[in-house]
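[1] this one's structure only:
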């Protein structure tokens, strides 16, 4: 469920900023192998839907990480900016790049079956395997996101 919360943020060097006009404040952690390589660990993020505007778009580079999604990053500082679900035009944005991230509620972990054994979160969360995530979204694909 999205809430009307106007939130802003940006990359490390400040060359890319964004405004998200609707956002689901429920944060999740993705433990898939691609997110781990992209961020160096679990990807903590929130779903901002399609009503996101980026300033400094000439500084954004994208990488097509699957048939259905691309990942955006700043071409100058390398900050992870978004995971974009192309079919839904939905932007999943890392919690750490928001100017104010105190509004988030961490309550879900996905691709829990790919989580390394060397860490655990103390929060009580809904945990889903990769197969459960793909089943929820009506796909039989067994790849990571």
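    Arrived safely, thanks for sending. Model, not experiment: these values are computed from the prediction.

[2] what's the local residue count around residue 99?
    Neighbourhood size, residue 99 [other C-beta atoms under 10 Å]: 9. C-beta here means a position set from N, CA and C on the backbone, and glycine is covered the same way.

[3] can you check residue 70 too?
    What residue 70 shows, counting by other C-beta under 10 Å, is a neighbour count of 14.

[4] equivalent analysis for residue 54, please.
    Residue 54 is flanked by 16 other residues according to other C-beta under 10 Å.

[5] ok, it touching residue 15?
    No: applying C-beta atoms under 8 Å as the test, residue 54 and residue 15 come out as separate, 10.8 Å apart.

[6] ok, the nearest residue to residue 130 once chain neighbours are set aside - contacts?
    Sequence neighbours aside, residue 111 is the residue nearest to residue 130 in space, at 4.8 Å (criterion: C-beta to C-beta, 6 or more residues apart in numbering). Each residue near residue 111 by C-beta atoms under 8 Å, 6 or more residues apart in numbering is listed here: 30, 31, 32, 35, 128, 129, 130, 133, 144, 145.

[7] tell me the one among those residues nearest to residue 47.
    Nearest to residue 47, judged by C-beta to C-beta, of the contacts of residue 111 is residue 30 at 11.5 Å.

[8] now residue 16. Nearest residue, chain neighbours left out?
    Counting by C-beta to C-beta, 6+ apart, the residue nearest residue 16 is residue 56, at 4.3 Å.

[9] rewinding a little: tabulate the contacts of residue 111 (JSON lines), appending secondary structure and pLDDT.
    JSON lines is the format used below for those (DSSP: H, G, I helix; E, B strand; the rest coil; pLDDT from 0 to 100):
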{"residue": "30", "secondary structure": "strand", "pLDDT": "96"}
{"residue": "31", "secondary structure": "coil", "pLDDT": "97"}
{"residue": "32", "secondary structure": "coil", "pLDDT": "94"}
{"residue": "35", "secondary structure": "helix", "pLDDT": "94"}
{"residue": "128", "secondary structure": "strand", "pLDDT": "95"}
{"residue": "129", "secondary structure": "coil", "pLDDT": "96"}
{"residue": "130", "secondary structure": "helix", "pLDDT": "93"}
{"residue": "133", "secondary structure": "helix", "pLDDT": "89"}
{"residue": "144", "secondary structure": "coil", "pLDDT": "58"}
{"residue": "145", "secondary structure": "coil", "pLDDT": "68"}
